[in-house]
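Trainee: Here is a sequence together with a model predicted from it:
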Amino acid sequence: MTAYPGEQTLAHLSDLHLGRRRADHLAARRLVEQLLVEGIGHVVVTGDLTAHGRRAEWEDFCALFAPLERTGRLTLVPGNHDRGTDDAASQMMKGERVRVRQRPGLYLVRVDSTAPHNRAPFRSHGEVCAATLAAVDQALGEAPPGSLVGLLLHHHLTRLPVEGLGEWFADTIGWPHASELKLGHRLLALALGRCDLGLHGHRHVPRHFEAIAPNGRTLDVHNAGSSTELQACRVFRHAGGRLLAPPRWVHLSPRPSRWTSAAPVPLAALSRP
Ligand SMILES: [Fe+2]
Ligand SMILES: [Fe+2]
């Protein structure tokens, strides 16, 4: 693979659920080791870092990702599971709903899409309000030219295929627990034309789609899925504020999950009937 002048790399992980199983800790450790070996420029983790929001789980995450954090190469947003027992989520964005992180070649708009109702484990849906939308609007408007602009949050912006019986049941009877963000379409509209990457998690099966704005700018939206279940994560190449190619998957397993080669979700499938 030929390196492009000024090329940088960005890895996207999500839904590690540390504290759930020993295997999740091992997979997270091996993924970090692999990203360090590959010299990845920056790493984004979009929530559900912990299984129950416990302090010990958060400390486990901090220890595993310390080499990236120490070198300024780690950016986080909280997920619904992080709102659990000890509210580990409160450590991630210091109580702010929107924060911007700038790194060389990157302008990352972080959105906390969790809410107090997430303290009940089955009430997993996210929430953003009008004030959050206004803050995102302002942050995107201040993005400097020449940087890759990313919108990072935990919950999905659009309807996605249902995963599992629980989600099917909730979806069928109209519970919001498995639904996309109620104002997700508004966030998407704000991002279109001003943002290059939408990165989220929450759903554990990876998905992606792209939308092209009237100004010609492409917005690529990726759900990382559960990186520890998949034992894999995507890596993006970028330079001069643009993606250079479709992302590639970094796999730990010699037999990659079938989900990591899934086709893009057709746009028509992303809106409610
Ligand atoms: Fe999750
Ligand atoms: Fe989640």
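Mentor: Yep, that arrived. The structure presented is a predicted model; accordingly, all values stated were derived computationally and were not measured. Ligands and ions are numbered 1, 2, ... in the order given.
Trainee: which stretches of the chain have low pLDDT?
Mentor: 1-2, 263-273 (pLDDT under 70).
Trainee: Tell me who's in contact with the most centrally placed residue in it.
Mentor: Centre of the chain computed as the mean C-alpha position; nearest residue by C-alpha atoms, centre = their mean is residue 200, 2.7 Å away. The neighbours of residue 200, taking C-beta atoms under 8 Å, 6 or more residues apart in numbering as the test, are 14, 46-47, 152-157, 221-224. For the C-beta atoms, the positions are set from N, CA and C on the backbone; glycine is no exception.
Trainee: got the residues you listed as TSV, with distance to residue 118 and secondary structure columns?
Mentor: Formatted as TSV, the contacts of residue 200 follow (distance: C-beta to C-beta, whole Å; DSSP: H, G, I helix; E, B strand; the rest coil):
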residue	distance to residue 118	secondary structure
14	16	coil
46	15	strand
47	10	coil
152	17	strand
153	13	coil
154	10	coil
155	10	coil
156	15	coil
157	17	coil
221	22	strand
222	22	strand
223	18	strand
224	19	coil
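Trainee: which of these sit farthest apart?
Mentor: Across those, the longest distance by C-beta to C-beta is 15.4 Å; it joins 47 and 221.
Trainee: mind listing the helices for this protein?
Mentor: 22-37, 55-64, 66-70, 130-141, 164-173, 184-191, 227-230 (DSSP state H).
Trainee: Let me know the angle separating the second one from helix 22-37.
Mentor: The reference is to helix 55-64. Counting by axes from the mean of the first three to the mean of the last three C-alpha atoms, to 10 degrees, helix 55-64 lies at 30 degrees to helix 22-37.
Trainee: ok, and what's touching helix 55-64?
Mentor: Helix 55-64 is contacted by residues 16, 18-19, 25, 28-29, 32, 49-51, 69, 82, 86, 88, 91 when judged by C-beta under 8 Å, 6+ apart.
Trainee: what about residue 241, how many neighbours?
Mentor: Residues lying near residue 241 (other C-beta atoms under 10 Å) number 16.
Trainee: Against ligand 1, how distant is it?
Mentor: Per C-beta to the ion, to the nearest Å, residue 241 is found 30 Å from ligand 1.
Trainee: Most neighbours out of the contacts of helix 55-64, which is it?
Mentor: Neighbour counts for the contacts of helix 55-64 (other C-beta under 10 Å) peak at residue 49, which has 34 neighbours.
Trainee: Verify the contact between it and residue 74 for me.
Mentor: No - applying C-beta atoms under 8 Å, one finds residue 49 not in contact with residue 74, separated by 10.9 Å.
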